[in-house]
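*Asks:* A predicted structure for the sequence below; I have some questions about it.
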Amino acid sequence: IVFKNVTFKYPAGNKNILNNVSFKISKGSRVGISGDSGSGKSTLLTLMLGLIQPDNGDVLFDNIKTYENFEKIKKNFGYVSQDVFLLDETIKYNVTLGLKEEDIDYQRLKEVFDISNLSSFVNSLADKEETQIGEKALKISGGQRQRLVLARALYNKPEIIILDEATSELDKKNELEIFENILNKNKNKTMIIITHNKDLLNICNQIISINGDKVVSTPN
């Protein structure tokens with residue numbers, strides 16, 4: 001992933017959110033993104049995913065522009081934000097997003113439950129993965145909801161895993177365990193973490209810091 005002289009301003013804004021930003025993320029990197037609230041961290045990710053177009057410069061994924069090739073590259077990204085979206089359906093349906101029964105990889109389903117520290121919870125339920133989670137997933141806790149969305153993002157084995165404050169409702173021990181699980185099971189994948197947790201930043205080998213409209217990338 002390459003940002004090349006990227007500048008971006010929202011149409012209603014009167015100043016640049018990002019100004020002439022350049023950095024590179026190599027395959028297999030563990031990248032931590034830090035900055036104050038409202039500094040542009042989520043904007044940076046949205047540009048990276050190709051959901052918005054920079055005003056100037058280019059955002060490239062394997063040398064192709066992300067915005068112009070979103071449909072082509074989107075399968076490579078697994079994105080989890082702090083805003084949880086779940087359906088009034090079963091645990092299995094929410095992870096596999098409604099795949100037909102014959103298309104579900106149950107071994108992979110078990111793996112992502114393990115990685116997300118969900119296995120004990122799912123196995124404690126009478127209906128296991130067939131359990132209905134209810135409207136707005138109110139039958140399960142906030143931490144369980146976050147882990148379920150994480151399992152969904154991991155299920156299709158994306159090349160790039162992006163976690164935007166994705167474990168904010170978990171205790172620190174659980175959070176660190178899950179990240180170690182992800183790292184151990186996805187050694188060749190790229191992981192990008194937005195977090196205020198210094199322990200999580202310490203497991204990264206590249207830190208991207210946002211201060212005002214300036215972005216600095218440094219090895220860690």
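*Replies:* Nice, I can see it. Since the model is a prediction, treat every value here as computed from it, not as a measurement. Numbering: from 1, shown residues only.
*Asks:* only C-alpha atoms for contact and neighbour calcs from this point on.
*Replies:* Noted.
*Asks:* dump the residue contacts of Asn174.
*Replies:* Asn117 (C-alpha atoms under 8 Å, 6 or more residues apart in numbering).
*Asks:* mind listing the helices for the chain?
*Replies:* Assigned by DSSP state H, the chain shows helices spanning 41-49, 70-73, 91-96, 106-115, 119-123, 142-155, 172-185, 198-201.
*Asks:* Alpha carbons only: can I get the third one in PDB?
*Replies:* The one in question is helix 91-96. Output of helix 91-96 as PDB, limited to C-alpha atoms (Å, rounded to 0.1, in the frame of the first residue of the first chain):
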ATOM      1  CA  ILE A  91     -24.000 -16.400  15.000                       C
ATOM      2  CA  LYS A  92     -23.100 -18.600  12.000                       C
ATOM      3  CA  TYR A  93     -25.100 -16.400   9.600                       C
ATOM      4  CA  ASN A  94     -23.400 -13.200  10.900                       C
ATOM      5  CA  VAL A  95     -19.900 -14.700  10.500                       C
ATOM      6  CA  THR A  96     -20.400 -16.200   7.100                       C
END
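*Asks:* Tell me which of the helices of the chain sits nearest to Asp164.
*Replies:* helix 41-49 (7.5 Å; C-alpha to C-alpha).
*Asks:* The closest one packs against which elements?
*Replies:* strand 30-35, strand 56-61 (3 or more C-alpha pairs under 8 Å, 6 or more residues apart in numbering; DSSP states H and E).
*Asks:* These: which one's closest to Thr90?
*Replies:* That would be strand 30-35 among these, by C-alpha to C-alpha, at 32.3 Å.
*Asks:* What lies in contact with that closest one?
*Replies:* With C-alpha under 8 Å, 6+ apart as the criterion, strand 30-35 contacts 25, 41, 190-196, 200-201, 203-211.
*Asks:* Tell me which of the residues you listed fall in strands.
*Replies:* Assigned to strands by DSSP state E, the following of the contacts of strand 30-35 qualify: Thr190, Met191, Ile192, Ile193, Ile194, Gln206, Ile207, Ile208, Ser209, Ile210, Asn211.
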